[in-house]
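Colleague: Below: sequence and its predicted model.
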Amino acid sequence: MFKNSYKLLFLITLISGTLITISSTSWFGAWMGLEINLLSFIPLMMNTNNLLSSEASLKYFLTQALASSVLLFAVIFFFMLSNWSNSLLENYTNLLISSALLLKSGAAPFHFWFPSVMEGLSWNNSLILMTWQKIAPLMLISYCLNTNFFVIIILSSIFIGSLGGLNQTSLRKLMSFSSINHLGWMIAGMINSENLWFIYFLFYSILSFTIVFLFNNFKLFNINQMFGMYASSSIMKFLMFLSLLSLGGLPPFMGFMPKWLIIESLISMNMFFLLTFMVTFTLITLFFYMRICYAAFLLNHNENSWSFQNFYSNKTFTMSLILTFISIFGLIIINLLYWLF
């Protein structure tokens, strides 16, 4: 699994850094966990076969170091203010802490580093950046919620995540803007419930793993590579694009389930304007997934007139089928289990 043993070491410290942060009882302990997590991820990002990896790791380090220093400054300032009773300064400090954590997680309008860093990473590292690296900042954000400020963050994340992916040809950048859009939904879930954002994150992680597993196995990095792929297996091609639609949140598939829960929670809070905005711009996200799928389904289907050995193993094919089955039929399975138990 690991060609170099140091990567296993840094993966363990990466996981332990996040666990330190989410189980910490003080802001200083949380900051320390974030730093361990950051310094563990940098060596994992380095790849001698990819020229962009050193640039990506430098961008990631500088951005995260800035966010960490702002967070530490804000936390020290917050403790200094605890002896005074100035609510205005405390609110500003709270906003400073939230902004530093949003910069760490890559939410808009603090997203400037996220797509360019994603472009320089391998698919495995991209998956870590999109899923695991968001756990600690989001957990800390849930401790210091300011509804008015976070409504602006949700609106900007949904807006930029939707429109940013329209003119992309790189799949990694497309996935990064999709991640920014999903982050807006997670923060929306956070406003109403402590657990709702985590349920959304869990579903998003499963779907991202499915898509990244397929992209990585078939070495796909650009949209034009997807059009003519799987000539030997139209079933695999079909399932691949249904998983993409599931990630976009199309209703029959599992990706709609967490969105459904958040829509219900926002309706219960009477936040109709926010909900309308989110649903409208998420349809734009679905549009750029549909644009890829439409071309691949209908316009670029080709069959070979000779037979040859598939370039992927049966093991990979079986794993792909299992993952895409969960992605496509997950909503139906969950509903059946709910009515049975």
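Modeller: Ah, there it is.
Colleague: what about the longest helix in this protein?
Modeller: helix 52-81 (DSSP state H).
Colleague: Against which helices or strands is that one packed?
Modeller: helix 27-45, helix 87-105, helix 114-119 (3 or more Cβ pairs under 8 Å, 6 or more residues apart in numbering; DSSP states H and E). Using the backbone N, CA and C atoms, a C-beta is placed for each residue, glycine as well.
Colleague: who wins for proximity to residue 200 among those?
Modeller: helix 87-105 (13.7 Å; Cβ to Cβ).
Colleague: Check the helices and strands packed on helix 52-81 for me: which has the lowest mean pLDDT.
Modeller: With a mean of 88, helix 87-105 has the lowest mean pLDDT of those.
Colleague: any idea how far it is from the chain center?
Modeller: Helix 87-105 has its average C-alpha position 22 Å from the chain's average C-alpha position, going by Cα atoms, centre = their mean, to the nearest Å.
Colleague: List of residues touching that helix?
Modeller: Identification of contacts with helix 87-105 by Cβ atoms under 8 Å, 6 or more residues apart in numbering yields 34, 63-64, 66-68, 70-71, 73-75, 77-78, 81, 110, 133-134, 136-138, 140-141, 144, 146, 149-150, 153, 183.
Colleague: which of the residues you listed count as buried?
Modeller: Buried subset of those (neighbour count, 16 or more other Cβ atoms under 10 Å): 34, 63-64, 67-68, 70-71, 74-75, 78, 110, 133-134, 136-138, 140-141, 144, 149-150, 153, 183.
Colleague: returning to that earlier point: so which of the helices and strands packed on helix 52-81 is the most packed in?
Modeller: helix 114-119 (a mean of 22; mean count of other Cβ atoms under 10 Å).
Colleague: so how far is the following helix or strand past that helix off the chain centroid?
Modeller: For helix 114-119, the following helix or strand on the C-terminal side (DSSP states H and E) is helix 123-130. Put simply, helix 123-130 sits 9 Å off its chain's centre (Cα atoms, centre = their mean).
Colleague: Contacts made by whatever helix or strand comes next after helix 123-130 with the rest, please.
Modeller: Next along the chain after helix 123-130, taking DSSP H and E as the criterion, comes helix 132-141. Residues from elsewhere that reach helix 132-141 (Cβ under 8 Å, 6+ apart): 14-15, 17-18, 21-22, 30, 33-34, 37, 41, 97-98, 101-102, 104-106, 183, 186-187, 190, 197, 201.
Colleague: Quick check: residue 84 is in a strand.
Modeller: No - counting by DSSP: H, G, I helix; E, B strand; the rest coil, one finds residue 84 to be coil, located in no strand.
Colleague: Based on its surroundings, how many neighbours for it?
Modeller: 9 (other Cβ atoms under 10 Å).
Colleague: Look up how far residue 284 lies from it.
Modeller: Using Cβ to Cβ, to the nearest Å, we find residue 84 at a distance of 46 Å from residue 284.
Colleague: Same question for residue 119.
Modeller: Applying Cβ to Cβ, the value for residue 119 to residue 284 is 21 Å.
Colleague: Over to residue 16?
Modeller: Distance from residue 16 to residue 284, by Cβ to Cβ: 39 Å.
Colleague: swap in residue 338?
Modeller: Look at residue 338 and residue 284: by Cβ to Cβ, they are 31 Å apart.
Colleague: Please apply the same query to residue 19.
Modeller: Taking Cβ to Cβ as the measure, residue 19 and residue 284 are separated by 36 Å.
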